[in-house]
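A.B. asks: compute the structure for the input listed below.
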Amino acid sequence: LTHVESARSGSGGSRMVTLNAVRRVALTDVRQESPYLTVSYLEMSRTEEEGKQGRWDIDGILELASRLVALNHEYPPEMIAGLQDLAATPGEFADRAGALLHIQPYDKQEILDAVGVGDRLETLKRILTEEVEKTALSMQIDKRVGESLEKKKRETFLRQQLMEIRRELGEEFVEEDLSR
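C.D. replies: Residues are numbered from 1 along each chain as shown. All right, here's what the predicted structure looks like:
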């Protein structure tokens, strides 16, 4: 369930509405689509949702989140402390972590679509693992490209220096010497 934070006119006669979640529900049936959406739902009580917990790998998810923060400086370090504060409530933890991640909307939707806490946490862990792997790979590629460019720049600089030294010594040089 949600409450409306704000509503304003959008382009082409549309409305833009910002909603704030109050609690999770499971939609059971769409009763009406026009002129507005009406649905049937089941409320998921926090005790019901959190009480089935078993031992989820919250610590593993926090470790993955810490690695992502260390790799990607777009994430503030404070994000980890905020998630640690929610570790006692796995449902809120999964929802908040999913909201904070810079991931594709379909990945965020996948987390939201998982009704059970365990399913949400498993989905979050899988997506977070993929994000850490993608970020690490991207950093490796950037590093290799940077090193390759530096090497090329250094070689070009040294070839130009060599050409100038030969010119000063009055030696013959071929323009192809620079292109190697």
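
A.B. asks: output the lowest mean pLDDT helix or strand found in the protein.
C.D. replies: helix 46-51 (a mean of 48; mean pLDDT, DSSP states H and E).

A.B. asks: next SSE downstream of it?
C.D. replies: Sequence order places helix 58-71 as the next helix or strand after helix 46-51, per DSSP states H and E.

A.B. asks: just the CA trace of the very next helix or strand once past that following helix, in PDB.
C.D. replies: Per DSSP H and E, helix 58-71 leads on to helix 78-85 as the next helix or strand towards the C-terminus. Written as PDB, here are the backbone C-alpha positions of helix 78-85 (Å, rounded to 0.1, in the frame of the first residue of the first chain):
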ATOM      1  CA  GLU A  78      27.300   5.800   4.200                       C
ATOM      2  CA  MET A  79      25.000   3.500   2.200                       C
ATOM      3  CA  ILE A  80      26.500   0.400   3.900                       C
ATOM      4  CA  ALA A  81      25.800   1.900   7.400                       C
ATOM      5  CA  GLY A  82      22.200   2.500   6.400                       C
ATOM      6  CA  LEU A  83      21.800  -1.000   5.200                       C
ATOM      7  CA  GLN A  84      23.400  -2.400   8.300                       C
ATOM      8  CA  ASP A  85      20.800  -0.600  10.400                       C
END
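
A.B. asks: look up how far residue 170 lies from the residue lying closest to residue 42 once chain neighbours are set aside.
C.D. replies: The shortest distance from residue 42 to any non-neighbouring residue, by C-beta to C-beta, 6 or more residues apart in numbering, is to residue 26 (4.7 Å). Just so you know, the C-beta spots here come from the backbone N, C-alpha and C atoms, and that holds for glycine as well. Distance, residue 26 to residue 170, by C-beta to C-beta, to the nearest Å: 87 Å.

A.B. asks: more neighbours: those two, which one.
C.D. replies: residue 26 (11 against 6; other C-beta atoms under 10 Å).
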